[in-house]
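# next come a sequence and a model predicted from it.
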Amino acid sequence: MQGHCLRYNQNKMKYPVITAPFLKVDGMALFPFILVKRQNMKQDQILIRHETIHLRQAAELLVIPFYFLYLVNYIINRFKYNNHHQAYMHIVFEREAYAQEKNAIYLQTRKLYAWLEYLK
């Protein structure tokens with residue numbers, strides 16, 4: 001598909017997928033958008049599913065609380081692990097997204113507040 005914006009439809013929810021070459025990461029969920037570093041990443045179903053999981057998490061927490069909890073969880077983990085990568089990988093929202101990003105039917109079967117299952 002040509003153009004800068006592709007809409008990803010999963011369970012009737014459409015999320016615009018936008019190429020953002022300035023990103024330092026491959027993808028990012030910035031409600032209600034999915035940002036990807038390169039145009040070809042719009043076709044990466046695992047990346048898109050991972051970011052869509054984040055958009056679902058954000059929606060169920062009414063967006064702003066999601067980003068607040070995400071940041072607080074990262075800060076706590078940063079102190080706990082004293083390492084950026086470990087802190088990031090232990091964010092509860094990332095734990096769900098990474099655990100389910102390869103599951104093609106997860107977004108159809110995902111329960112509300114499923115991320116709570118990934119709390120330690």
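All right, it came through fine.

# okay, now residue 38: neighbour count?
13 (other CB atoms under 10 Å). All C-beta spots, glycine's among them, are computed from the backbone N, C-alpha and C.

# give me every residue that touches it.
Residues counted as contacts of residue 38 (CB atoms under 8 Å, 6 or more residues apart in numbering) are 19, 21, 26.

# send over the helix or strand where residue 86 lies as CSV, restricted to the C-alpha atoms.
Residue 86 belongs to helix 84-89 when assigned by DSSP states H and E. These are the backbone C-alpha positions of helix 84-89, laid out as CSV (Å, rounded to 0.1, in the frame of the first residue of the first chain):
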residue,chain,number,x,y,z
HIS,A,84,17.6,0.0,31.2
HIS,A,85,17.0,-3.1,29.2
GLN,A,86,16.0,-5.2,32.2
ALA,A,87,13.8,-2.4,33.5
TYR,A,88,12.1,-2.2,30.1
MET,A,89,11.6,-6.0,29.7
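
# ok, which stretches of this structure are helices?
For the chain, helices defined by DSSP state H occupy the ranges 45-60, 64-81, 84-89, 92-100, 106-109.

# which residues sit against stretch 108-120?
Residues contacting stretch 108-120 (CB under 8 Å, 6+ apart): 11, 53, 56-57, 60, 90, 92-93, 95-96, 99-100.

# please spell out the PyMOL selection for the buried subset of those.
To isolate the buried members of the contacts of stretch 108-120 in PyMOL, using 16 or more other CB atoms under 10 Å:
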select buried, resi 53+56+57+90+92+93+95+96+100
